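Undergrad: I need the structure of the sequence given here:
(chains A and B)
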Amino acid sequence: MELPKAYDPKAHETEIYKLWESSGAFTPKIERGKKPFVIMMPPPNVTGKLHIGHAMVVTLEDILTRYHRMKGEPTLWLPGTDHAGIATQNVVEKELKKEGESKRDLGREKFVERVWEWKKKYGGEIIRQTRALGASCDWTHERFTLDKGLSEAVDEAFKRLYDKGLIYQGLRTVNWCPHCHSAISDDEVEYKKEKGKFYHIKYGPFTLATARPETKLGDTAVAVHPSDKKYKDMVGKKYKIPGVLGEFEIVVVADNAVDPKFGTGAVKVTPAHSLVDFEIAQRHGVPLKQVIDENGKMMENTGKYAGMTTKETREAVVEDMKKMGLIEKIDESYEHNIGVCYRCSGVIEPIPSKQWFVKMKPLTEKAKEAVKSGKIKILPKRFEKVYFHWLDNIRDWCISRQLWWGHRIPVWYCGEPKTKRMGFAESVAAQLFKGKIKTYRLRDHGFQSGDRVVFEHSGTRRVLGHGVMKEVIKTVVKDLPLEDKGHYATYAKREELIAAFKRHNPEKEIVNDSPAYIYHYEFIPAEKLSRRCGEIIISNEKPEKCPTCGNTELSRDEDVLDTWFSSALWPFSTLGWPSSAKATDGKPTDYEYFYPTTVLETGYDILFFWVAKMIMMGLELTDKPPFETVYLHGLVRDEHNRKMSKSLGNVLDPLEVTEKYGTDAVRMSLVVGATAGNDLAVGESKIKGYRNFSNKIWNISRFVLTNLENPKGKINNLLDEDKKDLERLDEVIEKVTKHLDSFQFSRAGELLYNYIWHEFADIIIEQSKDRLNSNNEKDKRAVQTKLLTILTASLKMLHPFIPFVTETIWQKIPTNMRDSNTLISAKWPGVE
RNA sequence: GGGCGGUUAGCUCAACGGUAGAGCAUUUGGUUUACAUCCAAGGGGUUAAAGGUUCGAAUCCUUUACCGCCCACCA
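TA: As a prediction, this is how the structure comes out:
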């Protein structure tokens, strides 16, 4: 036996990985009747390189994978990468900026090409790093979220949800990131504490406070609590409020969302620029007036403030209000939360925008039931509560993004491409009917002969003829302050709308009971609409012609989908759903055999972004829970439990430390001490400790293997002490197995560490030395047998944790003394 | 405001109703031919505080304090 004194990871790791891969051990064989073990690797973003958190993911999942593979289960661990919409687009944009170029200079097509180049570079880098970490995942199954098959799954999912009424397009006040120039979902907004000024202002008959005086320009109501006696007589009345742009009108509404004890108990309502205010407005039929645009600047309707940023406007408005004597007092240090974009940290400006949404409420029941019934188990269990709470308070999920990088929304328009604001006729119809409006058509200032509104309700398609619409619009528009400029704030009186509709459609029922409210709209030049009906067609490929009017000039929705939409499908889109959902040649497809998956392992920080959405989509689209167990790991922190950050300089680069101490040492450091849901402190000294452990195993093996002779056959004349040692080994095997079965990786790893170092090496091997040096051949062999038995079992148990050293040693064991050519394919101790 | 986790040796954590443990750090001693990336021995804790349940509490209950996280957003 010629083994160097110290284990050198660099000398073996690459070679060992090649050995595994070429042995075919990573790719499972479909064995009917055997339940497979399946993990989908959370696809890392293609934004850059892996960090230490990824190393933890790889380690934990590799442990599960190797363990179950050794138990003889067909094991699939599917790797891949995520296109990561906003994140990647931002990174590439930044790169372009360095070159003095911009996204717009390039144009959509060229820009997307550029991002693909980036993906090829960094996607490959990520794959190389994943390999370096020893991941025994099946590269023949590698997927990228923008792969053809996965894109098809996205389109299919969109279509199915749309047809079921679970996806709709609507104008709502959404979280808008002016920097990313896109809407984002509620989950993507982070709240940051900030000290700011708090202005108490005179507001007609009210005094109220705000941190954002500039939004006063968009106020359309004042809300009070229904039980607040102070304002009882004012509810329902309208007031003229003096403002910096002259008087404006507000209506007083009573709403439970108002806290009567806070401040004066009266709140100004800015439906266009606050999600909460938008909801209040919807409940009470309050108009909506947009004053901030998509760039975070004031719109034309704000007179002298037009074009200013919100910050500049705030100062200017305050100055003007001071002059007018409208400011009562200013709190200088008021702490409030501001919403920022989780991708760019820019301040979120809520604005009304036409976006696509997933209706979440209908999806939550099944999602809750799956966890309540135990069909899906979340570890640690306390996160189930968090999960339920999230589902109970969910709002509809905004899935459209105004980006270029991602899955294009599979929607085609016959007529004007999607405008940012809802058309007037559409808004009118939306108020009259619950259901999705399919399309609209407008001609100039009103509705003309031949125009119509097509809408769907409860699966039936109805067409509102121009006569009805004309009447409706006439009724509504009569008192409207129409101007000649771009957009208008209008207020539709619900009763009038309904009356008009009933007059012309006496036999039809009005389904929507929600009050009317204001929409912005734009007039669309008549010529643009000629010979087009405004149909919406859900299709991935460009339809030949519009099925309704035969028009062949169809335009595609400009937006892409939220990256988490495709992530939500990951457990089954990666397996060929929907096209391979059924076998064609009698052999089970990947989807049939491997889905649903077994374990979903990921960080607790993406429970809402990803896990919950996968559960909802899985149940809705495949009718099955996508996995049985969710194991949530914690964050990797530095040795003093601080968050790793570049500014603190405490970031552990997995590549650097694996290079220095070996992959095994890094892996072990990321396992021991890591319990479900809890953060883990890792520093170099810890890694060093496990480097020493790798070396210890190396030397244990050196000792055992160099002392082997006449290794043939099994010798049974064991002493009582040997039997005791072997019984102890069985106990350790049983415990490690139990710990792994119950996801207690840390306990398993720790037990192995202590057992191998302080029992096997310190006691068993030390005690064996005299007997090995004696002349009693029989006893010598008994000891050798015992040591070899413990060594091979130990190597097997350690293998999932530290695959490289253990496999390297395994390769040095004479073939007639091991039960498999590779350790990766060896049988777990106690498994036949 | 609501919820969750934590507080145990200098540091990072384990013990989950039965005499407080490990690793790192520290002290002392070791050139024992598997390993100095090692071995042996030692020091160090009224388990955040108070009260309760119990024969017995770090462990269960209550309250408090502090630290951290998540959700909500009070305008």
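Undergrad: And the closest residue to residue A:658 other than its chain neighbours, how close does it get to residue A:694?
TA: By the measure of C-beta to C-beta, 6 or more residues apart in numbering, the closest residue to residue A:658 outside its immediate chain neighbours is residue A:666, 5.0 Å from it. Any C-beta I mention is one placed from the backbone N, CA and C, and that applies to glycine too. Applying C-beta to C-beta, to the nearest Å, the value for residue A:666 to residue A:694 is 10 Å.
Undergrad: between these two, which one's more packed in?
TA: Comparing residue A:666 with residue A:694 by other C-beta atoms under 10 Å, the one with more neighbours is residue A:666, at 31 against 25.
Undergrad: so where does that one fall, helix or strand?
TA: Using DSSP states H and E, residue A:666 sits within helix A:663-671.
Undergrad: Put the alpha carbons of stretch A:647-660 into PDB.
TA: Extracted in PDB, the C-alpha atoms of stretch A:647-660 (Å, rounded to 0.1, in the frame of the first residue of the first chain):
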ATOM      1  CA  SER A 647     -18.800  45.200   2.700                       C
ATOM      2  CA  LEU A 648     -18.000  43.300   5.900                       C
ATOM      3  CA  GLY A 649     -15.500  41.300   3.900                       C
ATOM      4  CA  ASN A 650     -16.600  38.100   5.600                       C
ATOM      5  CA  VAL A 651     -17.900  36.300   2.500                       C
ATOM      6  CA  LEU A 652     -16.700  32.700   2.100                       C
ATOM      7  CA  ASP A 653     -16.100  31.900  -1.500                       C
ATOM      8  CA  PRO A 654     -16.900  28.100  -1.900                       C
ATOM      9  CA  LEU A 655     -14.300  27.900  -4.700                       C
ATOM     10  CA  GLU A 656     -11.600  29.400  -2.600                       C
ATOM     11  CA  VAL A 657     -12.200  27.200   0.400                       C
ATOM     12  CA  THR A 658     -12.600  24.000  -1.500                       C
ATOM     13  CA  GLU A 659      -9.400  24.700  -3.200                       C
ATOM     14  CA  LYS A 660      -7.700  25.300   0.100                       C
END
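Undergrad: next one: it to chain centre, how far?
TA: Between the centre of stretch A:647-660 and the centre of its chain there are 26 Å (C-alpha atoms, centre = their mean, to the nearest Å).
Undergrad: who touches it?
TA: Residues from elsewhere that reach stretch A:647-660 (C-beta atoms under 8 Å, 6 or more residues apart in numbering): A:9-10, A:49-52, A:54-55, A:129, A:132-133, A:636, A:638, A:642, A:644-645, A:665-666, A:682-684, A:687.
Undergrad: residues in contact with the spatially most central residue of chain A?
TA: Among the residues of chain A, the one closest to the centroid is residue A:609, at 3.2 Å (C-alpha atoms, centre = their mean). Contacts for residue A:609 were tallied using C-beta under 8 Å, 6+ apart; they are A:187, A:564, A:567.
Undergrad: Give me the subset of those residues lying in strands.
TA: Per DSSP state E, strands hold no members of those.
Undergrad: returning to what we had before: spell out whether the helix holding residue A:666 and RNA strand B are in contact.
TA: No: in terms of C-beta under 7 Å from any atom of the strand, no part of helix A:663-671 sits within range of RNA strand B; the closest distance is 8.5 Å.
Undergrad: Which strands or helices does that helix pack on?
TA: The contact analysis (3 or more C-beta pairs under 8 Å, 6 or more residues apart in numbering; DSSP states H and E) places helix A:663-671 against helix A:52-70, helix A:654-661, helix A:684-706, helix A:745-754, helix A:803-810.
Undergrad: Not counting its own residues, what contacts it?
TA: By C-beta under 8 Å, 6+ apart, helix A:663-671 touches A:9, A:13, A:52, A:55-56, A:59-60, A:62-63, A:132-134, A:636, A:654, A:657-658, A:680, A:682, A:686-691, A:693-694, A:745-746, A:749, A:753, A:801-805.
Undergrad: burial of residue A:740, as a residue count?
TA: If we define neighbours as other C-beta under 10 Å, then residue A:740 has 22 of them.
Undergrad: Ignore what I typed, I meant residue A:623.
TA: 8.
Undergrad: Return the subset of the contacts of residue A:609 lying in helices.
TA: A:564, A:567 (DSSP state H).
Undergrad: Kindly provide the distance from residue A:93 to RNA strand B.
TA: Separation of residue A:93 from RNA strand B (C-beta to the nearest atom of the strand, to the nearest Å) stands at 26 Å.
Undergrad: Check whether that residue really touches residue A:104, as I assumed.
TA: No: if you go by C-beta atoms under 8 Å, residue A:93 and residue A:104 don't touch, sitting 10.2 Å apart.
Undergrad: the more surrounded of these two?
TA: residue A:93 (18 against 8).
Undergrad: Secondary structure element for that one, which one?
TA: Assigned by DSSP H and E, residue A:93 falls in helix A:85-98.
Undergrad: what about that helix, distance to the chain center?
TA: Worked out by C-alpha atoms, centre = their mean, helix A:85-98 lies 19 Å from the chain centre.
Undergrad: Could you identify the helix or strand that succeeds it?
TA: helix A:103-106.
Undergrad: average pLDDT for that following helix?
TA: For helix A:103-106, the mean per-residue pLDDT is 81.
Undergrad: in whatever helix or strand comes next after that helix, what counts as buried?
TA: Going down the chain from helix A:103-106, the next helix or strand is helix A:108-132, by DSSP H and E. For helix A:108-132, burial by neighbour count (16 or more other C-beta atoms under 10 Å) applies to A:111-112, A:114-116, A:118-119, A:122-123, A:126-127, A:129-132.
Undergrad: ok so, going back, switch the helices and strands packed on helix A:663-671 over to TSV; also include distance to RNA strand B and mean pLDDT.
TA: Shown next, in TSV, are the helices and strands packed on helix A:663-671 (distance: least, C-beta to the nearest atom of the strand, whole Å; pLDDT from 0 to 100):
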stretch	distance to RNA strand B	mean pLDDT
helix A:52-70	14	95
helix A:654-661	8	92
helix A:684-706	3	92
helix A:745-754	6	92
helix A:803-810	10	95
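Undergrad: May I see those organised as TSV, with distance to residue A:825 added?
TA: As requested, the helices and strands packed on helix A:663-671 are exported to TSV (distance: least, C-beta to C-beta, whole Å):
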stretch	distance to residue A:825
helix A:52-70	8
helix A:654-661	24
helix A:684-706	19
helix A:745-754	20
helix A:803-810	10
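Undergrad: No further questions, thank you.
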